[in-house]
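1. Fold the stuff below for me.
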Amino acid sequence: MALLELKNVESCYGPSQVLFGVDLHIDAGEVVTLMGRNGMGKTTTTRTMMGLTPATKGNLYFNGQNITKVAPYKISQAGIGYVPEGRQTFPNLTVYENLIATASNHTGTTDIWTVDRVVELFPRLGERFKQYARTLSGGEQQMLAIGRALMTNPLFMILDEATEGLAPIIRDEIWHVLEHNLKESGQAILVIDKHPEAMARIADRHYVMEKGKIVWTGTSQELLDNTDMQHKYLGV
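-> Modelled structure (predicted):
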């Protein structure tokens with residue numbers, strides 16, 4: 001049974017339909033990507049998973065439960081950690097306050113995330129512990145957003161454009177954490193990103209979206225081998 005599954009999901013903003021029959025699934029312990037050019041429906045897909053943009057058709061299942069009509073806060077409590085596009089940290093709280101603001105363990109895991117564990121993952125946050133989030137660099141804010149999501153002890157994480165606009169050295173650091181810390185610990189993750197080579201190294205499977213539809217899915221090796229698909233849908 002999939003940990004998260006979308007079946008024939010459609011979603012709209014007012015009269016404008018954005019998603020058209022989206023089917024995808026992520027199993028426990030899997031790292032999966034959703035890729036595509038800007039404006040193709042990737043963020044809407046993640047917002048629909050979180051109940052922020054309700055599905056108008058189809059069903060979403062998480063950990064064996066139908067969450068199609070469930071409120072966003074209950075979806076979070078069910079075990080989905082969300083790192084939204086643009087990071088959206090609490091600007092007037094310190095790094096420490098941001099981390100403890102969302103701390104919870106609704107899923108009852110025994111291997112819980114603590115502030116110390118997050119700082120071990122991202123030492124820069126320890127150096128900025130008492131700084132307000134608004135004073136951090138973009139990369140540090142992204143690390144904080146990931147740490148904040150981990151503090152909810154999620155069964156599954158969504159990272160929407162986790163490395164967008166970041167310096168290459170910071171981008172590589174975040175990718176390293178995804179590959180060598182979170183993935184190796186068995187954390188299930190959906191990553192929205194635009195770098196096929198890096199994603200092929202980090203993730204197990206991949207979905208490609210075009211105009212609100214899934215147009216390709218495959219393994220990392222299939223992604224790397226299919227240069228025609230990359231040119232057609234990813235613009236590389």
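
2. Show me the strands in this protein, by range?
-> Counting by DSSP state E, residue ranges of the strands within the chain are 4-13, 16-26, 31-35, 55-62, 65-66, 80-83, 156-160, 188-192, 205-210, 213-219.

3. JSON lines for the ones you listed, including distance to Ile100?
-> In short, each C-beta sits where N, CA and C put it, glycine included. Formatted as JSON lines, the strands of the chain follow (distance: least, CB to CB, whole Å):
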{"stretch": "strand 4-13", "distance to Ile100": "27"}
{"stretch": "strand 16-26", "distance to Ile100": "28"}
{"stretch": "strand 31-35", "distance to Ile100": "27"}
{"stretch": "strand 55-62", "distance to Ile100": "25"}
{"stretch": "strand 65-66", "distance to Ile100": "28"}
{"stretch": "strand 80-83", "distance to Ile100": "15"}
{"stretch": "strand 156-160", "distance to Ile100": "19"}
{"stretch": "strand 188-192", "distance to Ile100": "23"}
{"stretch": "strand 205-210", "distance to Ile100": "34"}
{"stretch": "strand 213-219", "distance to Ile100": "38"}
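
4. So what touches stretch 82-99?
-> Counting by CB atoms under 8 Å, 6 or more residues apart in numbering, stretch 82-99 makes contact with 43, 46, 50, 76, 101, 115, 118, 125, 128-134, 136, 138, 141-142, 144-149, 151, 157-162, 164, 192, all of which sit outside it.

5. Can you select the buried ones from those residues in PyMOL?
-> Buried members of those can be picked out in PyMOL with the line below, counting by 16 or more other CB atoms under 10 Å:
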select buried, resi 43+46+50+76+115+118+125+128+132+133+136+141+142+144+145+146+147+148+149+151+157+158+159+160+161+162+164+192
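
6. Mind putting the strands of the chain into a markdown table with mean pLDDT and distance to Met229?
-> Supplementary listing: the strands of the chain in a markdown table, determined by pLDDT from 0 to 100; distance: least, CB to CB, whole Å:
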| stretch | mean pLDDT | distance to Met229 |
| --- | --- | --- |
| strand 4-13 | 97 | 21 |
| strand 16-26 | 97 | 17 |
| strand 31-35 | 97 | 10 |
| strand 55-62 | 97 | 25 |
| strand 65-66 | 96 | 33 |
| strand 80-83 | 95 | 27 |
| strand 156-160 | 96 | 22 |
| strand 188-192 | 96 | 18 |
| strand 205-210 | 97 | 7 |
| strand 213-219 | 97 | 5 |
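
7. ok so, going back, from the contacts of stretch 82-99, which ones fall inside helices?
-> 43, 46, 76, 101, 115, 118, 125, 138, 141-142, 144-149 (DSSP state H).

8. Run through the chain and note the low-pLDDT ranges.
-> Low-confidence regions of the chain, defined here as pLDDT under 70, cover residues 236.

9. Leaving out sequence neighbours, find the closest residue to Gly64.
-> Met1 (6.3 Å; CB to CB, 6 or more residues apart in numbering).

10. Determine the number of other residues adjacent to that neighbour.
-> Using other CB atoms under 10 Å as the criterion, Met1 is surrounded by 9 other residues.

11. Repeat that for Phe20.
-> By other CB under 10 Å, neighbour count at Phe20 equals 15.

12. I'd like to know how far the residue nearest to Arg134 when sequence neighbours are not counted sits from Glu127.
-> The shortest distance from Arg134 to any residue that is not its chain neighbour, by CB to CB, 6+ apart, is 3.7 Å, and that residue is Pro91. The span separating Pro91 from Glu127 equals 19 Å under the rule CB to CB, to the nearest Å.

13. cool, and Asp111?
-> 25 Å.

14. who has more neighbours, these two?
-> More neighbours sit around Glu127 than around the other of Asp111 and Glu127, counting by other CB under 10 Å; the figures are 11 against 8.
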